[in-house]
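In: got a sequence here, can you model it:
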Amino acid sequence: MIFTGTTSGDIAEQNVSATVNLNGTLDVRKNIGTDEEPDWQYNSIELASSSAKAPGLYFNINGEVNASTYSHAKNNVTNLTGTMNLMGTPVAGDTSVFKVDGENGVFNIKSGGVVNANTTGTDTTYVSAWVREGGTLNVESGGTLTTTSRFKTNSWSGTNVATVNVQNGATITASDFWIGANSIVNIEGNLIATNTKTTFYTYKNNTVVTLKKGGTVSSGSVTMAYSTLIIDKDVAEGSWNLNSYNTVKLDNNDARLKLYSSNVFKSSTGGQETVYLNVALGNMYLDIYANQDFKSLRFENTPTRPDEGSGIFNCDLYFYIDPTVTSITFDSFANDSLWNDTTLEDICEKHLIFDGFRNGVIYIKNPDTKIDYSLISSIDGDWVNFRIEDNYLVADYIPEPSAFAAIFGALALGFAVYRRRK
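Out: Numbers count the residues shown, from 1 in each chain. Okay, the predicted model is just below:
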């Protein structure tokens, strides 16, 4: 298709200015059979303006599109209120059926809009829906995207951010979810993994996934590798169902879990009190801003290995407790795992470092007998001698020198006042 009406100025500035309104049906296919016995092979549709410098190509789909694959390049905007059926591709090497790609490439699935992305080709079983390199996918209330394989995001270049916004009342369904480098995913609607044996995986630098009020997720286990998962305020208990794989894992440097709501995870056997919290390698962060119940906190015992040449040989969990938190309960704590086996070569050295620790907050129903308490400390060194007493993790508080000075000053002032009155 060639659109006329573009001015010479637009061409000189590498701009594109065109709008396509589809109210009927667009079939992208060819007959590889005969007129008497047709055999329709669906082919790809691509919205492309790769040389454009600003958004200007708009595709408004109020009707129906039937094709093998759909590729949405940068500086294009698609608004879907109709239906897009993607049959998959027979072309080897094409690893995505539905792709939103490139800076300022925006695909809006509006209310009533439906994307069905199937995988039937040789090499399409890896990923069927892909948002990458600065592309943005907005699934608005009443919109749905359903894939038969993986939903994936990433921006490996590091110069752009792949963005996915799932509004309240919207749904994305896929076999599994893989949220890669430089991705921002905001979940106010529903994410559903049909293969609950797989891991909801967030990976690499600058990737942030946020579950917001009204949002729900059904998946297998959750792993954060070098990335951040935020459970926002006012998220209902049990909103994230881990099904039969009841583990949330922090893995590798800068992995961070921020919990602003209480007991959001659950499993097929119960609430968050059935969920294991695992930590693996590098400097990891657990920030708790609301009361929590977990099955266990566990340090993985696998010896470390160099990661991408960086050579991570530590397993340090930085555990922040907000002043508003009054109760964090574990069925078991460290689970025979917070200790360093010096007989192993290249052992992953473990440490638990608290920020905001207070006595009477962390309760352990079944205290473990094998914990090296010398591996537990506070970030400012103001809590020492960690131990378990009456099922609580407790320690001795040592005031900072400034606190000692304030105490001494108050005593001196009180003594001076006393002497004057005498």
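
In: so for stretch 350-366, what gets flagged as buried?
Out: Residues of stretch 350-366 classed as buried by neighbour count (16 or more other Cβ atoms under 10 Å): 350, 351, 352, 353, 354, 356, 357, 361, 362, 363, 364. Bear in mind the C-beta positions are built from the backbone N, C-alpha and C, glycine included.

In: what lies in contact with it?
Out: With contact meaning Cβ atoms under 8 Å, 6 or more residues apart in numbering, stretch 350-366 is reached by 299, 314-323, 325-334, 337-340, 375-380, 383, 388, 391-395, 397.

In: if we go to 6 Å?
Out: 299, 315-321, 328-333, 338, 375-379, 383, 391-394 (Cβ atoms under 6 Å, 6 or more residues apart in numbering).

In: using CSV, list the CA coordinates for that stretch.
Out: The C-alpha atoms that make up stretch 350-366 are tabulated as CSV, following Å, rounded to 0.1, in the frame of the first residue of the first chain:
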residue,chain,number,x,y,z
LYS,A,350,26.0,-15.5,53.0
HIS,A,351,25.0,-12.6,55.0
LEU,A,352,21.7,-11.1,56.3
ILE,A,353,21.8,-7.4,56.8
PHE,A,354,18.9,-5.5,58.4
ASP,A,355,17.9,-1.9,58.0
GLY,A,356,15.2,-0.7,60.4
PHE,A,357,15.4,-3.8,62.7
ARG,A,358,13.4,-3.8,65.9
ASN,A,359,12.8,-6.4,68.5
GLY,A,360,9.3,-8.0,68.6
VAL,A,361,8.6,-7.8,64.9
ILE,A,362,10.0,-11.0,63.3
TYR,A,363,8.3,-14.1,64.7
ILE,A,364,9.4,-17.6,63.8
LYS,A,365,7.0,-20.5,64.6
ASN,A,366,9.6,-23.2,64.2
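
In: pLDDT averaged over that stretch - what is it?
Out: Average pLDDT, stretch 350-366: 96.

In: still on that earlier bit, can I get the buried residues of stretch 350-366 in JSON lines including secondary structure and distance to residue 143?
Out: Below are those laid out as JSON lines (DSSP: H, G, I helix; E, B strand; the rest coil; distance: Cβ to Cβ, whole Å):
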{"residue": "350", "secondary structure": "strand", "distance to residue 143": "45"}
{"residue": "351", "secondary structure": "strand", "distance to residue 143": "46"}
{"residue": "352", "secondary structure": "strand", "distance to residue 143": "43"}
{"residue": "353", "secondary structure": "strand", "distance to residue 143": "43"}
{"residue": "354", "secondary structure": "strand", "distance to residue 143": "43"}
{"residue": "356", "secondary structure": "coil", "distance to residue 143": "41"}
{"residue": "357", "secondary structure": "coil", "distance to residue 143": "45"}
{"residue": "361", "secondary structure": "coil", "distance to residue 143": "42"}
{"residue": "362", "secondary structure": "strand", "distance to residue 143": "43"}
{"residue": "363", "secondary structure": "strand", "distance to residue 143": "43"}
{"residue": "364", "secondary structure": "strand", "distance to residue 143": "45"}
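
In: format those as TSV; extra columns: distance to residue 107.
Out: Shown next, in TSV, are these (distance: Cβ to Cβ, whole Å):
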residue	distance to residue 107
350	44
351	45
352	44
353	43
354	44
356	42
357	46
361	45
362	45
363	47
364	48
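
In: which one of these sits closest to residue 83?
Out: residue 356 (50.9 Å; Cβ to Cβ).

In: how much space between residue 104 and residue 351?
Out: Distance, residue 104 to residue 351, by Cβ to Cβ, to the nearest Å: 44 Å.

In: that should have said residue 142, apologies.
Out: Look at residue 142 and residue 351: by Cβ to Cβ, they are 48 Å apart.

In: same thing with residue 284?
Out: 11 Å.

In: now the common contact residues for these two.
Out: By Cβ under 6 Å, 6+ apart, residue 284 and residue 351 have no common neighbours.

In: what pLDDT is listed against residue 69?
Out: On the pLDDT scale, residue 69 gets 87.

In: how many other residues sit next to the closest residue to it other than its chain neighbours?
Out: Sequence neighbours aside, residue 44 is the residue nearest to residue 69 in space, at 4.4 Å (criterion: Cβ to Cβ, 6 or more residues apart in numbering). The tally of other residues near residue 44 (other Cβ atoms under 10 Å) stands at 15.

In: repeat that for residue 169.
Out: Residues lying near residue 169 (other Cβ under 10 Å) number 16.

In: what about the strands in the stretch 251-400 of the chain?
Out: Secondary structure of the stretch 251-400 of the chain (DSSP state E, counting those that start in this stretch): strands located at 256-259, 265-266, 276-279, 282-288, 292-299, 314-321, 328-334, 349-355, 362-364, 376-378, 383-389, 392-397.

In: please state the offset of the first one from the chain centre?
Out: When C-alpha coordinates are averaged (Cα atoms, centre = their mean, to the nearest Å), strand 256-259 and its chain have centres 10 Å apart.

In: would you mark the buried spots in stretch 322-336?
Out: Neighbour-count burial for stretch 322-336 [16+ other Cβ under 10 Å]: 325, 328, 329, 330, 331, 332, 333, 334, 335.

In: re earlier: which one of the strands of the stretch 251-400 of the chain lies closest to residue 32?
Out: Per Cβ to Cβ, nearest to residue 32 of the strands of the stretch 251-400 of the chain: strand 265-266, 49.7 Å.

In: where along the chain do the helices fall?
Out: Listed in chain order, the helices of the chain (DSSP state H) span residues 8-12, 401-421.

In: avg pLDDT for the longest one?
Out: Spelled out, that is helix 401-421. 54.

In: residues in contact with the most centrally placed residue in the chain?
Out: In the chain, the residue lying closest to the centroid (Cα atoms, centre = their mean) is residue 209, at 3.3 Å. Residue 209 is in contact with 179, 185, 202, 229, counting by Cβ under 6 Å, 6+ apart.
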